[in-house]
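**Q** Structure for the following, please:
(chains A and B)
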Amino acid sequence: MLPAQFDGLMPIVILMGIAVLLFTGGHFLSVLLAPKKPSHLKSTPYECGEIPVGSAWSAFNVRFYVVGLIFIIFDVESVLMFPVASIFREMNDMGEGGYILVIFLSFISVLIEGIGYCWRKGDLDWVRSYQVSLKNNK
Amino acid sequence: MNQTVVSYLSQYEFYDFLIKLFGNNQTLLAATIYVLFSGIIVAVMATIGGLGTYAERKISADIQQRIGPNRVGPYGILQFLADGVKMITKEDVMPFTADKMLFYLAPMLALIGVFATLAVLPWSSGFMMADLNVGVFYLIAISSLVGVSVFLGGYASNSKWSMLGGLRGASQIISYEIPVTISVLAITLLAGGMSFGTILSHQQGLPTNWFLFHNPFAFVAGFVYFVGALAETNRAPFDLPEAESELVSGYHTEYTGMRFGFFALAEYIEVFVVCGVGAALFLGGGNLPFDTDLDIIPTQLVQVTIFMTKTLLLYYVVIWIRWTFPRLRVDQLMAICWKYLTPIAIVNLMGCAIWLVVFNGKSMAGLLFGSH
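**A** This is a model prediction of the structure:
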């Protein structure tokens, strides 16, 4: 038996199903209609005509990883703010505006502290080592 | 939800026919109706996505004083159909080094992510597929699937251009999600709820009731949202993941034929969705500026028209921006997101919260003219 909440979510499931159907359908059509003349050279990864050297799955710039970490911190914090934001107006109408404002602002101040820390550490600069060395040489 | 659909339908004569068809199974009846409407929406969106490519080429031609596509159909308007047929009949090439499963999955994830966002898009006050109580929250969450598909496409191709494009795309999309989320948070604060129904009900009436003009902070938040949304959909000047002059075409370098077509379709529909959400959050959605005594169906149709007009105007601005500004560099991109947009968005959020408490929820117009 389906849960009662499913009613509201049914359109989403249906639209996702349509996306899958559209994809498989289009793919099936292309399998039917498209020519198939595979060759080894054709299925090498494209590198502007050169024969590729090595795999693309190699080490990459560590900055992407740092950006990912900063994102997770801010994303979780904004997720935590959504419930407060959605009852903010209601609380204000009840006459508790000052109380919830103080709570909200103190939570945001933690967020600002976080971004300030990252900024000061130089993690918001894309080319960090260069910028940090510039600062140290001054 | 089912109850409302069924009770609405029971006013009409063909309801007896539906009862004969489904018995008293309301879930099945509602499901059929949803499938029908989903089909209509998807067909309309696919057409708009296709016409988006045409509009893009025609407007760019206009800006660069060229003619643009003019061969297929009157004024070349059927160009997108020709492109679609071409894509279906192209050979499907997959690099032999690729991760086949993920390579197959990536465009599908993009499509699923974009189509799932269509469910909460508020076409009019009555016509939303699912008016979830966590509407905007769900939208932000599910649209991240597109970011996953961009990275997956780049990774699975096992080509260096794709890998770089995918990495850039992933870092760009997740970075710009922060200012967008915080701007949306400011609107949630002002509306007092996350559902699109609540948000739209606060913006009824004249444009002075739109959240864009609610207070100065919300005005700035609107622009932060728009810039962030441009970056999230990989549109120029933030199209680094597919920068054709540096990365060939980024994460979809290795994609050919129909799979590339699905990536492109997902991208164009996503631009439409993002513009539609912008119109609903900041520009009053499909609300009529005055009261009418129309019947329920014509009112909804007028609202859909207003919503589509606003959305397509924003869509035009997106295309206009693409052909006006040069592309950013990666470090500039990150600096704009983290050092400008995010702090501005946080200040806007605080400003909105303080405004709400100090002026007791009144908008600028309400303060000036003493109404609402």
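**Q** center of chain A - which residue?
**A** Centroid-nearest residue in chain A: A:F71, 7.5 Å away (criterion: CA atoms, centre = their mean).
**Q** Okay, and the nearest residue in space to that residue that is not next to it in sequence sits in which element?
**A** Spatial nearest neighbour of A:F71, excluding adjacent residues (CB to CB, 6 or more residues apart in numbering or on different chains): B:I174 at 4.3 Å. Placement of C-beta: from N, CA and C, glycine included. Under the criterion of DSSP states H and E, B:I174 resides in helix B:160-191.
**Q** and that helix, how far out from the chain's middle?
**A** Counting by CA atoms, centre = their mean, to the nearest Å, helix B:160-191 is centred 13 Å from the centre of its parent chain.
**Q** Quick check: mean pLDDT of it?
**A** The predicted model assigns helix B:160-191 a mean pLDDT of 88.
**Q** Packing partners of it?
**A** helix A:63-93, helix B:135-157, helix B:196-201, helix B:216-232, helix B:244-247, helix B:257-282, helix B:330-335, helix B:342-358 (3 or more CB pairs under 8 Å, 6 or more residues apart in numbering or on different chains; DSSP states H and E).
**Q** which residue of chain A sits farthest from its center?
**A** A:K37 (38.2 Å).
**Q** looking at the helices and strands packed on helix B:160-191, which is closest to B:V184?
**A** Closest of the helices and strands packed on helix B:160-191 to B:V184 is helix B:135-157, at 5.2 Å (criterion: CB to CB).
**Q** That closest one vs helix B:216-232, what angle?
**A** Counting by axes from the mean of the first three to the mean of the last three CA atoms, to 10 degrees, helix B:135-157 lies at 20 degrees to helix B:216-232.
**Q** before we move on, back to that, give me the three-state assignment for the closest residue to the residue farthest from the centre of chain A other than its chain neighbours.
**A** Closest residue to A:K37 in three dimensions, ignoring its sequence neighbours and counting by CB to CB, 6+ apart: B:E91, at 6.8 Å. Following DSSP: H, G, I helix; E, B strand; the rest coil, we place B:E91 in the coil state.
**Q** quick one: B:E91 and A:K36 touch, right?
**A** Yes. If you go by CB atoms under 8 Å, B:E91 and A:K36 touch, sitting 6.5 Å apart.
**Q** between these two, who's got more neighbours?
**A** B:E91 (13 against 8; other CB atoms under 10 Å in any protein chain shown).
**Q** residues in contact with B:W338?
**A** Applying CB atoms under 8 Å, 6 or more residues apart in numbering or on different chains, we find B:W338 in contact with A:I70, A:I115, A:C118, A:W119, A:L124, B:S175.
**Q** swap that for B:I112, please
**A** Counting by CB under 8 Å, 6+ apart, B:I112 has contacts A:M16, A:A19, A:V20, B:L145.
**Q** Can you spell out which helices and strands pack onto the helix or strand hosting the second one?
**A** When you say that, I think you mean A:A19. Per DSSP H and E, A:A19 falls inside helix A:6-33. Using 3+ CB pairs under 8 Å, 6+ apart, the elements in contact with helix A:6-33 are helix B:26-63, helix B:79-88, helix B:100-118, helix B:257-282.
**Q** so what pLDDT did A:S133 get?
**A** pLDDT recorded at A:S133 is 59.
**Q** Same check on B:M350?
**A** At B:M350, pLDDT is 90.
**Q** With adjacent residues omitted, what lies nearest to it?
**A** When the adjacent residues along the chain are set aside, B:M350 lies closest to A:I108, with 5.8 Å between them (CB to CB, 6+ apart).
**Q** pLDDT value on the one you found, please?
**A** The per-residue pLDDT reported for A:I108 equals 88.
**Q** Number of residues surrounding it?
**A** Counted by other CB under 10 Å, the residues lying close to A:I108 total 19.
**Q** so who does the residue of chain A found nearest chain B touch?
**A** Residue of chain A nearest chain B, by CB to the nearest CB: A:R89 (3.0 Å). Contacts for A:R89 were tallied using CB under 8 Å, 6+ apart; they are B:L189, B:L190, B:A191, B:G192, B:G193, B:L356, B:G361.
**Q** again with A:E96
**A** By CB under 8 Å, 6+ apart, A:E96 has no neighbours at all.
**Q** how close does it get to A:R89?
**A** Using CB to CB, to the nearest Å, A:E96 is found at 11 Å from A:R89.
**Q** Output the below-cut-off pLDDT ranges for chain A.
**A** A:1-7, A:128-138 (pLDDT under 70).
**Q** Return the most buried member of the helices and strands packed on helix A:6-33.
**A** Most buried of the helices and strands packed on helix A:6-33 by mean neighbour count (mean count of other CB atoms under 10 Å in any protein chain shown) is helix B:257-282; its value is a mean of 24.
**Q** which parts of the helix or strand following that helix are buried?
**A** Next helix or strand after helix B:257-282 toward the C-terminus (DSSP H and E): helix B:296-322. Using 16 or more other CB atoms under 10 Å in any protein chain shown as the test for burial, helix B:296-322 gives B:299-300, B:303-304, B:306-308, B:310-312, B:314-315, B:318-319, B:321-322.
**Q** low-scoring pLDDT stretches of chain B, where are they?
**A** Scanning chain B for pLDDT under 70 picks out the ranges B:1-16, B:18, B:22-26, B:370-372.
**Q** Can you name the residue of it nearest to chain A?
**A** Residue of chain B nearest chain A, by CB to the nearest CB: B:G192 (3.0 Å).
**Q** Now that residue: phi and psi?
**A** phi 70, psi 30 (degrees, to the nearest 10).
**Q** Excluding chain neighbours, what is closest to the residue nearest the centre of chain B?
**A** Central residue of chain B (CA atoms, centre = their mean): B:V273, 1.6 Å from the mean position. Among residues not flanking B:V273 along the chain, B:T117 sits closest, at 5.0 Å (CB to CB, 6+ apart).
**Q** wait, what's in contact with the one you found?
**A** With contact taken as CB under 8 Å, 6+ apart, B:T117 is in contact with B:L139, B:I142, B:S143, B:E270, B:V273.
**Q** One more pass at 7 Å, please.
**A** B:L139, B:I142, B:S143, B:V273 (CB atoms under 7 Å, 6 or more residues apart in numbering or on different chains).
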